[in-house]
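A.B. asks: sequence and predicted structure below; questions after.
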Amino acid sequence: MPPPAIKTVRDLIYWQYAAIMTGAATGRKNDWGLRMSFVKKLKSGEIVWSTSVKEWLLEMENANICIYCGATENLTIEHILPRSRGGEDVADNVVRVCRSCNSSKGAEGLYEWRGLEAKNSHHRIAEGKYLKYLYTLHERNGTLDCTLKDLCPCCLKQKCVEEKHDEKFTLYCIEGYFAHRGKAEAPRGNTPQTRRAEGVNQPMPG
């Protein structure tokens with residue numbers, strides 16, 4: 001689980017992206033001190049994450065392999081956030097994968113597919129794109145500053161219960177928010193901004 005200082009969707013996305021940065025810098029993603037330092041710098045704007053152009057250039061270095069398993073045959077396009085979850089057919093949301101991985105992942109988000117135990121073992125490019133895309137969607141929906149109580153229960157509630165992450169702020173929260181919504185759009189009344197405008201003080205369930 002993330003440390004107590006990680007309270008909002010924005011914090012959690014930066015926290016997981018900081019793991020990628022920490023791994024690149026030291027080879028060890030579990031250096032929490034360095035990760036938190038990266039989080040603070042990302043939030044302050046002292047450092048920024050890599051651009052879509054840089055991600056594309058990195059992808060092109062290995063354009064003919066599956067980004068998930070390394071296979072070189074039967075490649076296709078994969079929407080990291082599935083279309084059924086509101087994922088768009090845009091470059092920031094697609095990677096090249098083999099048909100086997102595409103079929104295995106199906107309509108699940110990246111973290112839901114492989115589980116939280118594997119959260120730090122995803123391909124750097126795929127996970128980096130995914131986190132930035134989720135950031136964009138939450139920013140669009142006005143949910144970047146939402147906390148656990150704003151998001152829970154989400155549509156991955158049962159998975160959280162089964163894996164004993166119930167009532168805990170995990171990566172399922174930031175991708176499960178879009179599960180089964182049909183489009184990446186917050187329902188009315190589910191953001192702090194909307195609730196303030198309506199004079200509602202208590203968070204409504206996701």
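C.D. replies: Looks like it came in fine.
A.B. asks: give me the three-state assignment for the residue nearest to the spatial centre of the chain.
C.D. replies: Among the residues of the chain, the one closest to the centroid is residue 131, at 4.1 Å (C-alpha atoms, centre = their mean). Following DSSP: H, G, I helix; E, B strand; the rest coil, residue 131 is assigned to helix.
A.B. asks: any idea how far it is from residue 58?
C.D. replies: Residue 131 is 15 Å from residue 58, where distance means C-beta to C-beta, to the nearest Å. For the C-beta atoms, the positions are set from N, CA and C on the backbone; glycine is no exception.
A.B. asks: model confidence for the residue nearest to the centre of the chain, exactly?
C.D. replies: For residue 131, the model assigns a pLDDT of 95.
A.B. asks: check residue 48 too.
C.D. replies: With respect to pLDDT, residue 48 scores 89.
A.B. asks: now do the phi/psi pair for the closest residue to it other than its chain neighbours.
C.D. replies: Once flanking residues are discounted, residue 48 sits nearest to residue 42: 7.4 Å by C-beta to C-beta, 6 or more residues apart in numbering. Residue 42 adopts backbone torsions of phi -70, psi -40, taken as degrees, to the nearest 10.
A.B. asks: what of residue 77?
C.D. replies: Dihedral angles of residue 77 (phi, psi; degrees, to the nearest 10) stand at phi -100, psi 140.
A.B. asks: contacting residues for it?
C.D. replies: Each residue near residue 77 by C-beta atoms under 8 Å, 6 or more residues apart in numbering is listed here: 94-97.
A.B. asks: in strands, which of the residues you listed appear?
C.D. replies: 94-97 (DSSP state E).
A.B. asks: which one of these has the most neighbours?
C.D. replies: Highest neighbour count within these, by other C-beta atoms under 10 Å: residue 97, with 25 neighbours.
A.B. asks: quick check: pLDDT value at it.
C.D. replies: Reported pLDDT at residue 97 in the predicted model: 96.
A.B. asks: beta-bridge partners for it, please?
C.D. replies: residue 76 (DSSP bridges).
A.B. asks: quick check: it touching residue 73?
C.D. replies: No - between residue 97 and residue 73 there is no contact under C-beta atoms under 8 Å: 11.6 Å.
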